[in-house]
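[1] make a model of this:
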Amino acid sequence: MKKLEFFLIFFLLMSVSGLGQTDAEVRDVLPNKGKVNNIFESTNTVLSRIRNNSLTSLVNLPVTIDIVGANPYTTVQIIPLINPGDSVSLTFSGIPINNTGNQDITVSVPADANNLNNSSTYNQEIYCDTASYSNNSPIIQGVGYDTGGGIIANRFVLPPSTLPLIVTDIGITIALGPTNTNNSIVGVLLDDNGVVVDSTNVYVISATDLGAKVDLSFIDGTVDRSGQTIYIGIRQIANPSNGFFPCATQDPVIERDSAYYGFGVNGGTGTIYSTLGAWMMDAVFAQPDFNVSSNIFGNTMCVGNQLTLNASPSGFDSYDFNIDGANIQSGPMTSYSYIPLIDTDYFVTANKNACTYVIPTVNVSVVNEININLDLTFCDGETYFFDGQNLATPGAYVDTLPSLGGCDSIVNLTLDFNPVSSLDIYDTICSGDSYFFANQTLTNPGTYSFTTTNVVNCDSTISLFLTVDDPDYTILGSICVGELYYFGSQTISSPGTYYRLGANPDGCDTLVTLELTVEQFTISGVTQSRDTLTVQTINAGPNMTYQWIDCDTGDPVTGATDSTFIPGLTGSYAVIVTQNDCSKTSDCFFVDYTSNEEFELAQGLTLYPNPATSSLNLESKSVDIVAYTIYDVEGRLILSKSSLSGINSLVIDIEMLTSGTYMIKVESNDAAIRKLFVKR
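    From the prediction side, this is the model:
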């Protein structure tokens, strides 16, 4: 080919492609974040790369940044020289972000031979609670560890802040890949050393999460992170049988230093990733707890007193105090004081960069004196604490209290007490019947209670004292032989068991059982051995008693209460035998102490003194005394002396006897005589 033809063809190709003309290309626009947190960022920074696609150098190329939306802004930078094929990175810094909201950032170069690449636009949002590198562009792919596990995270450098920067949540957009479904992730927060300092609960991805944003809350979420470098991301829990890439990514796919990192499952040293697109993970920060307090109580104050408003927390850029619709103080001061003369309204706003926080309007009532009227009613037995005392009596009471607003508070109390009530019910049912009381069906005797409220809403206690009448009962009866027992219409004389039917006083049917016994004992006789009488009985029981009597007078013989009896004196005697209230009397038996020898002993025996104190003298004029025995009135042996050598007189020492009546039996060889004496 001839040289002329070659240059002609080259010229034609250059004309068609535009390579022979100027062509400046805006390669990309990259703000510092896609979602800017205005609490800790007050200006915006935008990076852009400009490439010279021309065959000749470009000189003094103007590059314009234009922002439309929440924060309108325009500025131009001049690139002095770009050689053919080279790129130049521009930084637009100090861009104001005074307002929250959505904005488009466009970087452009002048029109040239190829206007299709002369500008690039990035959508950005300004928030008060969110920071993220993601924007509003579509999802392009997902990033993750496939079948393995690890942590992917965005790095944020948080400047020192006058307000706490507390990360409460992570918002992650789940990539569209269907293999993400049913796999598990955990939100994590790491410090600058790659140590996990907080995490969320495990989250299992569902099919409806694909392409959607999921919010995960940190378990702690209370630590101030201002001045720290942190990493916000997710831990991917490995699934060797079903690899997945959970985190969605966006354009632009450019190199961004120190933004996207990968860590091991438990943190550690991070690895930078800069060519995988923008990772769609949001860091959500707690909103400041803005509050305003005052020195008054109940929004009521005395006229002439000062009202002081205190805003908290400190650390906002400015505080705007608005009184009755007018802004009366703006700036860093957190308090404002004034003296309201009439009822007034106030509200306060706090500002930090583009973020504004407002408390609702508060109405303040200005009064001369505060009167509080209380009408209270309690129940008897309750008390009400008022003016330093527990009140239990109805009446009118007054107390004066200093209020927080500086006025006296006059409290007028009208106190009343309603009565409590009680009711006792006594009732009887027959055995086998039931009684319904307080939602209970009762069949057993006892005391039952329940508490309800009466007509004045005080306690009312109702008590039931229930008796169950058991109509069947048994009578144990006893008669003496020969007596009759009357049982209903029956006249009974024999032992046995008897029955009758009837109704008791409570109206219950009654079966009465009589178990009757008949005392069958008899006196079979009385035997006499010299001067001793002994009674003989048949069917005697353990509780049988005896009483010997003088038949001539009918009087009982003192102390003669045994089955044997020695009268001591000539006379006629009988015994009354009693068992279970049945008594029988024996025949009378005559005891004679007047035989010749006994007569002589009785006639010649002298006993003195009687009563005696310490000694007793015995003298016999006719016969000799060979023995003597002393008994008490119950026949018990007290003192005995025998084998006396036929003496006619003796002195008996009775000093040791207690005061009372005694019987002495004096014996000769052929006779015995008894006499009574008294010991004083």
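[2] I'd say E125 and N37 touch.
    No. Between E125 and N37 there is no contact under C-beta atoms under 8 Å: 10.4 Å. The way it works is simple: take the backbone N, C-alpha and C, and place the C-beta from them, glycine included.
[3] these two - which one has more neighbours?
    A direct count of neighbours by other C-beta atoms under 10 Å for E125 and N37 places N37 higher, at 24 against 19.
[4] the more buried one: what's it in contact with?
    N37 makes contacts with Y127, C128, D129, T130, A131, A283, F285, as judged by C-beta atoms under 8 Å, 6 or more residues apart in numbering.
[5] also A286?
    Counting by C-beta under 8 Å, 6+ apart, the residues that A286 touches are D129, P164, I166, V167, T168, G221.
[6] in strands only, show me those.
    V167, T168 (DSSP state E).
[7] need the max-distance pair from the contacts of N37.
    With distances taken as C-beta to C-beta, the most widely separated pair in those is C128 and A283, at 13.0 Å.
[8] so the two - more neighbours on which side?
    It is A283, of C128 and A283, that has more neighbours when counted by other C-beta under 10 Å, with 28 against 18.
[9] that one: what's its closest spatial neighbour, skipping adjacent residues?
    Among residues not flanking A283 along the chain, I232 sits closest, at 4.3 Å (C-beta to C-beta, 6 or more residues apart in numbering).
[10] over to N454?
    Nearest to N454 is S460, by C-beta to C-beta, 6+ apart, at 4.1 Å.
[11] my read is that that neighbour contacts S449, right?
    No. Using C-beta under 8 Å, S460 is not in contact with S449; the gap is 11.0 Å.
[12] who has more neighbours, those two?
    A count of neighbours by other C-beta under 10 Å puts S460 above the other of S460 and S449, at 17 against 13.
[13] quick one: contacts for that one?
    Contacts of S460 (C-beta under 8 Å, 6+ apart): V420, S421, S422, L423, T451, T452, T453, N454.
[14] can you read off the pLDDT for the closest residue to the third one other than its chain neighbours?
    If I follow you right, that is S422. Computed as C-beta to C-beta, 6+ apart, the closest residue to S422 that is not its neighbour in sequence is T461, at 4.6 Å. Looking at T461, its pLDDT is 86.
[15] gap between the residue nearest to A283 and I174?
    To I174, I232 is 16 Å away according to C-beta to C-beta, to the nearest Å.
[16] ok, A560 next?
    In terms of C-beta to C-beta, A560 sits 120 Å off from I174.
[17] out of these two, which sits in the busier spot?
    Taking other C-beta under 10 Å, A560 and I174 do not tie; I174 has more neighbours (26 against 21).
[18] residues touching the more buried one, list them.
    N180, I205, D209, L210, G211, A212, K213, V214, P246, C247, A248.
[19] list the buried residues of stretch 88-100.
    By 16 or more other C-beta atoms under 10 Å, the buried positions in stretch 88-100 come out as V88, L90, F92, I95, I97, T100.
[20] format those residues as TSV; extra columns: pLDDT, distance to I139 and secondary structure.
    As requested, the buried residues of stretch 88-100 are exported to TSV (pLDDT from 0 to 100; distance: C-beta to C-beta, whole Å; DSSP: H, G, I helix; E, B strand; the rest coil):
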residue	pLDDT	distance to I139	secondary structure
V88	96	31	strand
L90	95	28	strand
F92	97	27	strand
I95	96	27	strand
I97	93	26	coil
T100	94	25	coil
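[21] put together a markdown table for the residues you listed, with distance to L607 on each row.
    Output for the buried residues of stretch 88-100, formatted as a markdown table (distance: C-beta to C-beta, whole Å):
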| residue | distance to L607 |
| --- | --- |
| V88 | 164 |
| L90 | 159 |
| F92 | 155 |
| I95 | 151 |
| I97 | 145 |
| T100 | 140 |
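[22] nearest to D399 among those?
    Using C-beta to C-beta, the buried residues of stretch 88-100 come closest to D399 at T100, 52.2 Å.
[23] pull the number of nearby residues for L464.
    19.
[24] actually V303, sorry about that
    Counted with other C-beta under 10 Å, residues neighbouring V303 total 15.
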